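> The amino acid sequence is not available; the structure is as follows:
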């Protein structure tokens, strides 16, 4: 069983097949005396590909946390993600039938491209192949040139811009649309695996059953 989210929006039907391609940037060099060697570098950006079904009929197997929405509702969400030109969160929770969390995928991504496919074999429903790419935050370095008046030699100091603010953990959290316990633990406690602590603190027998407006204790 899957829960499938793009930018906090839960889609009604999770993809049957999800492909995550972890790219590398290694290079092979040929040395004069030693032959080929492999020059190891940091891994490249992960690419994600899948197809989702957007129903135009309310099926029993489709999950609508806040009521049925037609395919056009989710197509508009995809269009906004493309037009906004901003990264967003991609979350897939994989669970056993009893609701126990197996593992999940949670990363910041960009929407590279998607297609809208209509086929008579699918009735009124729409198939949308989507390709995402992992997004890594990056920044610039500022060089400050300081003069040394005694020696007349200029020195260069490298300052890396970073956020030095600290975040205090709130005592409670009010559940919003599209929230999952894992995402709440990641956002508020800095570690998604602490979702079990929140569930235990709030006497939640099933951590996947939370409702919009519910106030959860965090500590």
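Right, received. Where do you want to start? Nothing here was measured: the structure is a model prediction, and the numbers come from that model. Numbering: from 1, shown residues only.

> Who are the packing partners of the longest helix seen in the chain?
In the chain, assigned by DSSP state H, the helix with the most residues is helix 71-84. Contacts defined by 3 or more Cβ pairs under 8 Å, 6 or more residues apart in numbering; DSSP states H and E place helix 71-84 against strand 2-6, strand 46-54, strand 101-114, strand 126-134. Backbone N, C-alpha and C define where each C-beta goes, glycine included.

> mind redoing it with 7 Å?
strand 46-54, strand 101-114 (3 or more Cβ pairs under 7 Å, 6 or more residues apart in numbering; DSSP states H and E).

> Can I get the ones you listed in JSON lines including mean pLDDT, mean neighbour count and distance to residue 88?
Listed next are the helices and strands packed on helix 71-84 as JSON lines, based on pLDDT from 0 to 100; neighbours: other Cβ atoms under 10 Å; distance: least, Cβ to Cβ, whole Å:
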{"stretch": "strand 46-54", "mean pLDDT": "92", "mean neighbour count": "18", "distance to residue 88": "13"}
{"stretch": "strand 101-114", "mean pLDDT": "87", "mean neighbour count": "15", "distance to residue 88": "7"}
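
> circling back to that earlier point, in the longest helix of the chain, what's buried?
71, 74, 77, 78, 81 (16 or more other Cβ atoms under 10 Å).

> got the angle between it and strand 46-54?
In terms of direction (axes from the mean of the first three to the mean of the last three Cα atoms, to 10 degrees), helix 71-84 departs from strand 46-54 by 150 degrees.

> Helix 71-84: what's the following helix or strand?
On the C-terminal side of helix 71-84, the closest following helix or strand by DSSP states H and E is strand 88-95.

> Relative to residue 114, which of the buried residues of helix 71-84 is nearest.
Closest approach between the buried residues of helix 71-84 and residue 114, by Cβ to Cβ: residue 78, at 5.9 Å.

> Check which element follows the worst-scoring helix or strand of the chain on mean pLDDT along the chain.
Ranked by mean pLDDT, DSSP states H and E, the weakest helix or strand in the chain is strand 153-160, scoring a mean of 60. Counting by DSSP H and E, the next helix or strand C-terminal to strand 153-160 is strand 172-174.

> Please spell out which residues along that following strand are buried.
residue 173.

> same deal with stretch 207-219?
Applying 16+ other Cβ under 10 Å to stretch 207-219 flags 207, 208, 210, 216, 218 as buried.

> residue contacts, the residue nearest to the third one when sequence neighbours are not counted?
It refers to residue 210. Distances taken as Cβ to Cβ, 6 or more residues apart in numbering put residue 175 closest to residue 210, at 5.2 Å, once the chain neighbours are dropped. Applying Cβ atoms under 7 Å, 6 or more residues apart in numbering to residue 175 gives the contacts 210, 211, 212, 213, 214, 216.

> helix or strand for the last one, which one?
Secondary structure assignment for residue 216, by DSSP H and E: strand 215-217.
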